[in-house]
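Participant: Requesting a structural model of the entry that follows:
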Amino acid sequence: MITPALAALILAAAPPPPPDHEALLRLRAGDEACALLTPVERSFLDIVLAQLRDDAVVAGADEAMLNRYERAPRVVGCEDPDLHATADAHQMRLNAQAELTQPILPGRRQSWTVRPPAMAGRPGWRATQMLGDHPAAFGLYEARGARAPALALRAEATAPRAVMVMRDPARQASPVDRTIGGLRPAPGGDPLSAWGAYAGGEQRFMANARLAPNIAEHLAPAGGAPAYGFTFPDEALNALAALTPREGVRIDLVRLDGRVTQSLWIEVGAVRAALLLASEADARAAAARAAVTAASLASASSP
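Facilitator: Purely as a prediction, here's the structure:
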């Protein structure tokens, strides 16, 4: 069965649907024993399995039982044809995604979009998520060779500070359903706030700089209000990517007196896949540039 999160990694133009959870677990065991996958393909497999697990938990599966299922021994031979067929299909799915100019990875409510490297120093997103109905976007941007996690939005009145709030795995190992299966409303009324941490299990990352106005104008969604935004430390994006796909991460816009004027929600979703595909695009672009340079040098040195 193709679950919603797993479907995020498969587009209409991609190869046939992926094998079931059991086959992918066998592939992981086979790769550990036989080194069938490249590091990128192995990371992609970990992402797919994490999303399958996340879907199972949302559907009501017991995490302790999932742990036992995933640790169960799966003896495979390195020459097993089914194992190699699963590996080939997995590689094809990754290649199909990596070759797309702009993969879109849907989540349950919000999507991540992977964009090509910025051209000629023009500021742009590499991986981004539009934040619901708000004229706001969050993601990894680059400008003049520098990259940083950032929030860009449009508003008539700007907030002087921003803080990102999310679960701290060191304080709370697993997210909790704060709606108790839908019996309570989601905190703040936003469905993305349903899965997360209790107040004592959260961590916070303060924005470390304001976006330059011209960069904010490029990054913010189209609209009539002025654009502004913030950058965050790299640790904030790393911490976000370490969460489970079902979780929500909150960005509070804060006045100087500490009052929160607005809260925006990011869906963790397929962020790890988005960042992996962005890195793979960078590697492919670098390889293409190296090939062109090598060809030019060979042509220049030939008689």
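
Participant: Show me what counts as buried in the helix or strand containing V48.
Facilitator: Using DSSP states H and E, the element containing V48 is helix 39-58. Going by neighbour count (16 or more other CB atoms under 10 Å), the buried part of helix 39-58 is 40-45, 47-58. Just so you know, the C-beta spots here come from the backbone N, C-alpha and C atoms, and that holds for glycine as well.

Participant: Not counting its neighbours along the chain, what's nearest the spatially most central residue of the chain?
Facilitator: Nearest residue to the geometric centre of the chain (CA atoms, centre = their mean): V271, 0.5 Å. Nearest residue to V271 in three dimensions, chain neighbours excluded: A241, at 5.2 Å (CB to CB, 6 or more residues apart in numbering).

Participant: where does that neighbour land on pLDDT?
Facilitator: In this model, A241 is scored at 97, pLDDT.

Participant: Next, find the distance separating it from P169.
Facilitator: Counting by CB to CB, to the nearest Å, the separation of A241 from P169 is 12 Å.

Participant: you'd agree W112 is in a helix?
Facilitator: No. Under DSSP: H, G, I helix; E, B strand; the rest coil, W112 falls outside any helix and is assigned strand.

Participant: I figured it hits R272, correct?
Facilitator: No. The criterion here is CB atoms under 8 Å, and W112 misses it with R272 at 9.4 Å.

Participant: Neighbour count for those two, which is higher?
Facilitator: A direct count of neighbours by other CB atoms under 10 Å for W112 and R272 places W112 higher, at 28 against 22.

Participant: measure that one to P245 for me?
Facilitator: Per CB to CB, W112 is found 10 Å from P245.

Participant: shared neighbours of these two, anything?
Facilitator: Residues touching both W112 and P245 by CB atoms under 8 Å, 6 or more residues apart in numbering: G269, A270.

Participant: ends of stretch 70-90, how far apart?
Facilitator: Distance across stretch 70-90, first residue to last, is 19 Å (CA to CA, to the nearest Å).

Participant: typo on my end, stretch 225-243
Facilitator: Taking CA to CA, the first and last residues of stretch 225-243 lie 33 Å apart.

Participant: quick one, what contacts the residue nearest to the centre of the chain?
Facilitator: By CB under 8 Å, 6+ apart, the residues touching V271 are W112, A127, Q129, L240, A241.

Participant: wait, which of those residues is closest to A143?
Facilitator: A127 (14.7 Å; CB to CB).

Participant: For ChimeraX, what selects the buried ones among the contacts of V271?
Facilitator: Filtering the contacts of V271 down to the buried ones (16+ other CB under 10 Å) takes a single ChimeraX command:
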select :112,127,129,240
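
Participant: Out of the contacts of V271, list just those in helices.
Facilitator: Judged by DSSP state H, the subset of the contacts of V271 located in helices is L240, A241.

Participant: Throw the contacts of V271 into JSON lines and include distance to L66, thanks.
Facilitator: Shown next, in JSON lines, are those (distance: CB to CB, whole Å):
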{"residue": "W112", "distance to L66": "24"}
{"residue": "A127", "distance to L66": "28"}
{"residue": "Q129", "distance to L66": "27"}
{"residue": "L240", "distance to L66": "23"}
{"residue": "A241", "distance to L66": "21"}
